[in-house]
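Novice: dropping the sequence and predicted coords here.
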Amino acid sequence: MPRKIVKSKYFFEEDFIETIGEVSTEKVKDWGPNSQLKVVGKSLSRIDGYDKVSGTAKFSFDISLPNMVYAKTLRCPLPHAKIKKIDISEAKKVPGVLAVLTYENAPKIPWYYGMSFLFDPHLRYEGDEVACIAAETEQIAVDALKLIHVEYEELPFVVDAGAAMKPGAAKVHDAGNVVRGEPQIYKRGDIEKGFKQADVVVEDTFSTQVEIHNPTEPHCSVVNWDGSRLTIWDSTQGVFSVRDAIAGYLKMPASKVRVIKKYMGGAFGSKLEAGKYTVMAALLARETGRPVRIALDRRAMNLAVGNRPGSVQKLKVGAKKDGTLTAMNHYSYGAAGAYPSGAGCSRPFRTLYKCFNVRSEEYTVFINTGRGRPFRAPGHVQGTFAFESIIDETAEKIGMDPLAFRIKNYAEVDPASNRPYTGKLLRQAYKRGAAAIGWQDRKPAGSGSGPVKTGLGVATQIWWGGGGPPAYATLKLNRDGSAHVIAGSQDLGTGTYTFIAQVAAEVLEIPMEKIQVTLGDTAVAPYCGSSGGSTTAPSVSPAVRDAAEQMKTKLISAAAAVLEIPGNQLVYKNGIISVKNKPDKKLTIANIVRRMRERVLLTTGARNANPSGYAINTFGAQFARVEVDTYTGRISVKKIVAAHDIGRVLNRKTLENQVHGGILQGLGFALIEERVMDEFTGKMLNANLYDYKMPAIYNVPEIEVIIVSEGDAKISNTGVKGIGEPAMIPTPAAIANAVYNAIGVRLKSLPITPDKVLMALQG
Amino acid sequence: MKTIKIQLLVNNNEYEVSVSPNETLLDILRERLGLTGTKRGCEIGECGACTVVMNGEAVNSCLILAPQADGSKIMTVEGLMRNGEYHPLQQSFLNHDAVHCGFCTPGMLMSAYVLLQQKQNPTETGIKQAIAGNLCRCTGYQQIVEAIGDVGKKGETD
Amino acid sequence: MNNFTYFQPKTLQEAGEMFGKSWHETTALAGGTDLLGLMKDDIEAPRNVVNLKSLPGLNRISYQPGKGLKIGALTSIAKIASHSDINKRYPVLAQAAKQVASPQLRNVGTIGGNICQRPRCWYFRGDFHCLRKGGDICYAVDGKNKYHCVIGGGPCFIVHPSDMAVALLALDAKLTVYSGGKNKTVAIGDFFVLPEKNVRRENILLPGEIVVDIRIQELNNNTKSGYVKFAERGVWDFAVVSVAAVIQKNGNALKKGRVVLGGVAPAPWFEKKISKKLSGLIPSEKNLDEIMKTALVDAEPLAMNEYKLPLAKNLMKRLIGELTA
């Protein structure tokens, strides 16, 4: 099939990426609406379900190899310190201890963009890695860690972003606490002029907390050397990204590193990059000559493998009496943690509504805590909370219904680039969502009587989620008509295994049961990107369709040769090729493959380039109905309606699951989740799953999922956009707006815990 | 601090294991018996991923000292299949897509199993109470509640 | 978790003799749900662990009309939650039991262990050498103290985490404590100690003393009781504030009552003023509002927990209102 190399652009987690990739030039027919499809879009049970309900699913955490040893890490108990002296002699003497790594004996492997090392005697946060022990059992390793004697020089520290911005604050790095030394500034138009045109100007300050990913499966790796070849079973969102990073750290050919991930117990962005623990395990495995399993405990997961940075956002919005936005200003700061990461949150502010005069100024600052990492819609969840809150405030000030105000400022083209969208059905999402929640019955803020008050709120989401190249899928068709699809992507529980089989089944018209899917193995699969940014389905599904369409073409060509009839005279149906108007003259896949004297036919499909000149976005609106008990401050979210435009739905069942999960994470962020730091000692107080409260069953609202879109044919041959991140983005803002509507007092700091509600009600 | 011999009946198989007092039932199941279906998420009873059925009750196996389990009858997720057939709960979890990443699923299934042993057709509130000690970070729980409720309604408790 | 020697005594006497002078050397395991967490977090590292569950006969519940209720100290919380006489006669206790932690923990956790559990203060549970662990300072008093006590604190500001203890104090329960070869009776009101008396322990038990059972008197037929717990997550969470009330009615007015607060003090907190004012009170909304003005008047909230005062008053008002409606 003809190929060409093209440039393409897509958004991944925190910024746009330009890629150059090999894509198919052949245009295949658009599928049209899902109603015309047989398998894609249906509510099918996940094909990997057996493994997960029977207990046979091997998560990386469950991999056990003969003669395996266990590694555990000693972590710095202080927020900022230098190691004056480290003594491992006593630990090494413990029976069963096999090897101990510290900065004194480990290779100096650069880490964090060259700002530090795998082991660095300069420790910049509580939880920073000090030493790593390999032992016969995990318990021996844990006990031996206590016998490593470290003398620390305690250094001044800062664990609050606002404090870190002040002159004279303790320095995390010598170059100063502002990452890159300056803010990120964005502007279009002239905000001064715009504010002068405004009839009302609203200013307010919002803050959001640090959120910890806390996936259920701990970060872990099992590593094994066979001579110079290294195999890693890793709990990761990106097998190729881990492979290349590890090959780089260990200075070995990437071909000698094999990374495998079959099942993973959640990640949400915290497993997008290779962990220090993996490299430590590889070093220890080399030293001991035995396989090593390393798994973080829950405390380390809270301290050291990422978080959603907090934010303080000062917003100013100007609007005319008719609702037209005239100018908007956004100033924010948030903490990267001890090493670079992004704390910016202004992208929804810049792109959600039509407004010509816009400015944002964002500071990311270093503090002495674990580093931030992308967390489900990085920047967007916190940015949307503040922005959609002040949009409601502005609407109220000019006396407009908040939904009408949003529609008044509807962006027909991308406000940042002036490009048209490949598709935007946000109006339909507003309309159908409003009807489902009963928006017409919304009462003025705080107008209810009795101690329990109800309120309705709305918020909008914008995300990218269009995916893009490079992403490939290999399809192997067996002589018996069964197929095997192999892709270097990952299934995080998001249903990748299943939708791949559906796409292949749709094209090849063979039963789902005949399709096997292999993912997450760098040794056997063609490249796909990491599973983040809601890009997996939009990137991978077109590659699978491409591979399957190629296979169909190949079968038809072969059949044409066998039958000595031109290919255009042949019809492919249900895996059988027959001659037009002569249904008796037919060949099965087995017939063809046998005649070709092959046992396996092979094609590799590629994701096409994204169309140039367009903005590719997902959109959606969520509506929340809440009850606020003014006696206790308890907020109960009774219902969330999630109406989204996310292109084609591949599997309604797994999609709903994904939307529910996103909403519940949004609810946790809105109401209960929060990292708590002790400012006097610089230590985290709630690094466990009791004190760090994630939503439990009690907190679940009724959820109604409405998808207003069919396939977005301008993007790809499947027209799919992502849903993972869009599902979470608007939830906290919708809940916060509903709380205001219920009690008439606006809560501007997340999470909105009962104590804040009670104190706000006291005045 | 000598080792102690304990006897366990796990999924109807008898085991005799020599344990250290500070090993937990979870350690024994996963590391000694190779029953890795039972997961370890927090180690201190806060997530429920390690839930197993012990003498008919749901317990966090991470909080049971191995010697405490001596003589107990244990069931893990691996004991749910019968002659290669799904237990109705497993089938229902698949039908309702009450599974996402799958890490909390074994614990959820064990809590649900005990509930259905004790209550024929549990109410939604009853189901929520039964799985209140099982954290799921991926789903919205609703599919899990529906999956359990469906089995209860059909009366397929075992 | 450190390694230790594990003991399974057959009699109370045998058990009592296994303890030395210090809790640090030998500790008692009832259900173990709290102890194992403490040991895994390196808060406690005993050399010996004595499993009390091997003692026969301490996991029974007996109720005799006219005489009252006796619960063996090793009875599981789940068993109390589902016991029909307790649900009928002592709803405050059943309701408290139903809201303890999670189902898994209620199945294993015991009532004896529940009232002896250690505080949840995140400084105590964390890597801080605080007063309660033998250190020099309380980190909470000027630190993150949203969940800490508003009354009865100093020099340490924990709250007592037990739900059962709050209900038991409202019921004025008596504990049988095995001590040096014989049993003694301790009123539950005398069992817990405030930090000013002993900053290292939450109760009066000495090493080797074992709670054997808990006895509760028969309640008059006109008595209503209930427990309301407010926790941030709603389930599998400790109380921010909880209220237990046992109230005897007399026609339209109240005859007498006992109101106890959880989550506000280092021990379950008997609300003396409110309890006293219930005698003779007509429980109208207005009257309840009026008496609530006297609740927790001696409270000294810390920087982040003032909200507990309106919360406690509102919960008391709601519970008393519901019980007397």
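Specialist: Happy to help now that I have it.
Novice: going forward, measure contacts between C-alpha atoms and count neighbours the same way
Specialist: OK.
Novice: okay, now residue B:83: neighbour count?
Specialist: In terms of burial, residue B:83 registers 7 neighbours under the definition other Cα atoms under 10 Å in any protein chain shown.
Novice: please see if the helix or strand harbouring residue A:756 touches chain C.
Specialist: When secondary structure is defined by DSSP states H and E, residue A:756 falls within helix A:754-762. Yes: where contact is defined by Cα under 8 Å from any Cα of the partner chain, part of helix A:754-762 touches chain C, namely A:754-755, A:758-759.
Novice: pLDDT value on residue 18, please?
Specialist: Picked chain A for this. Per-residue confidence for residue A:18 comes out at a pLDDT of 83.
Novice: let's do chain B instead
Specialist: As summarised for this prediction, residue B:18 has a pLDDT of 97.
Novice: residues near it, how many?
Specialist: One way to gauge burial is a neighbour count; for residue B:18, by other Cα under 10 Å, it gives 16.
Novice: now residue C:60
Specialist: Applying other Cα under 10 Å, we find 16 other residues in the vicinity of residue C:60.
Novice: how's the chain carved up into domains?
Specialist: In the absence of a named chain, this looks at chain A. The record's domain parsing of chain A by automatic domain parsing lists A:3-30+A:469-606, A:64-155+A:214-304, A:311-450+A:616-762.
Novice: right idea, wrong chain: chain B
Specialist: According to automatic domain parsing, chain B comprises the domains B:4-77, B:88-154.
Novice: end to end on the first one, go ahead and measure it.
Specialist: Taking Cα to Cα, to the nearest Å, the first and last residues of domain B:4-77 lie 26 Å apart.
Novice: equivalent analysis for stretch A:200-217, please.
Specialist: Across stretch A:200-217, the terminal residues are separated by 50 Å (Cα to Cα).
Novice: in it, what counts as buried?
Specialist: Of the residues in stretch A:200-217, those buried under the neighbour-count criterion (16 or more other Cα atoms under 10 Å in any protein chain shown) are A:200-202, A:205-217.
Novice: cool, stretch C:125-144 as well?
Specialist: By neighbour count on 16+ other Cα under 10 Å, the buried set for stretch C:125-144 is C:125-126, C:128-133, C:138-141, C:143-144.
Novice: save these as TSV, and put in distance to residue A:749, secondary structure and pLDDT too.
Specialist: What follows is those, written out as TSV (distance: Cα to Cα, whole Å; DSSP: H, G, I helix; E, B strand; the rest coil; pLDDT from 0 to 100):
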residue	distance to residue A:749	secondary structure	pLDDT
C:125	27	helix	97
C:126	26	coil	96
C:128	28	coil	97
C:129	32	coil	97
C:130	30	strand	98
C:131	33	helix	98
C:132	33	helix	97
C:133	34	helix	96
C:138	28	coil	97
C:139	25	coil	98
C:140	23	coil	98
C:141	24	coil	97
C:143	20	coil	98
C:144	17	coil	98
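Novice: for those residues, give me JSON lines that also has distance to chain A.
Specialist: Written out in JSON lines, the entries for the buried residues of stretch C:125-144 read as follows (distance: Cα to the nearest Cα, whole Å):
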{"residue": "C:125", "distance to chain A": "9"}
{"residue": "C:126", "distance to chain A": "7"}
{"residue": "C:128", "distance to chain A": "9"}
{"residue": "C:129", "distance to chain A": "12"}
{"residue": "C:130", "distance to chain A": "12"}
{"residue": "C:131", "distance to chain A": "16"}
{"residue": "C:132", "distance to chain A": "16"}
{"residue": "C:133", "distance to chain A": "16"}
{"residue": "C:138", "distance to chain A": "12"}
{"residue": "C:139", "distance to chain A": "9"}
{"residue": "C:140", "distance to chain A": "9"}
{"residue": "C:141", "distance to chain A": "12"}
{"residue": "C:143", "distance to chain A": "6"}
{"residue": "C:144", "distance to chain A": "6"}
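Novice: dump the residues you listed into CSV; add distance to residue A:707 as well.
Specialist: As requested, those are arranged in CSV below (distance: Cα to Cα, whole Å):
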residue, distance to residue A:707
C:125, 46
C:126, 46
C:128, 50
C:129, 54
C:130, 54
C:131, 56
C:132, 55
C:133, 56
C:138, 53
C:139, 51
C:140, 48
C:141, 51
C:143, 47
C:144, 43
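Novice: circling back to that earlier point, how about the domains of chain B in TSV, adding distance to chain A?
Specialist: TSV is the format used below for the domains of chain B (distance: least, Cα to the nearest Cα, whole Å):
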stretch	distance to chain A
domain B:4-77	4
domain B:88-154	4
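Novice: could you dump the ones you listed to JSON lines with distance to residue A:523?
Specialist: Converted to JSON lines, these look like this (distance: least, Cα to Cα, whole Å):
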{"stretch": "domain B:4-77", "distance to residue A:523": "25"}
{"stretch": "domain B:88-154", "distance to residue A:523": "23"}
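Novice: re earlier: of the buried residues of stretch A:200-217, which are in range of chain C?
Specialist: When Cα under 8 Å from any Cα is applied, no member of those is adjacent to chain C.
Novice: the residue of the stretch 51-200 of chain A found nearest chain C: what's its closest spatial neighbour, skipping adjacent residues?
Specialist: Of all residues in the stretch 51-200 of chain A, residue A:143 sits closest to chain C, at 7.4 Å by Cα to the nearest Cα. Beyond its immediate neighbours in the sequence, the residue positioned closest to residue A:143 (Cα to Cα, 6 or more residues apart in numbering or on different chains) is residue C:2, lying 7.4 Å away.
Novice: now that neighbour: how far from residue A:93?
Specialist: Here the distance between residue C:2 and residue A:93 works out to 18 Å (Cα to Cα).
Novice: so for these two, which sits in the more crowded spot?
Specialist: For residue C:2 versus residue A:93, the count of surrounding residues by other Cα under 10 Å is larger for residue C:2: 17 against 12.
Novice: isn't that one right up against residue C:45?
Specialist: Yes: using Cα atoms under 8 Å, residue C:2 is in contact with residue C:45, at 6.0 Å.
Novice: can you list residues touching both of those two?
Specialist: residue C:39 (Cα atoms under 8 Å, 6 or more residues apart in numbering or on different chains).
Novice: contact partners for residue C:256?
Specialist: When contacts are counted by Cα under 8 Å, 6+ apart, residue C:256 touches C:247-249, C:275-276, C:278-280.
Novice: redo that, cut-off 10 Å
Specialist: Residues near residue C:256 by Cα atoms under 10 Å, 6 or more residues apart in numbering or on different chains: C:223, C:246-250, C:275-281.
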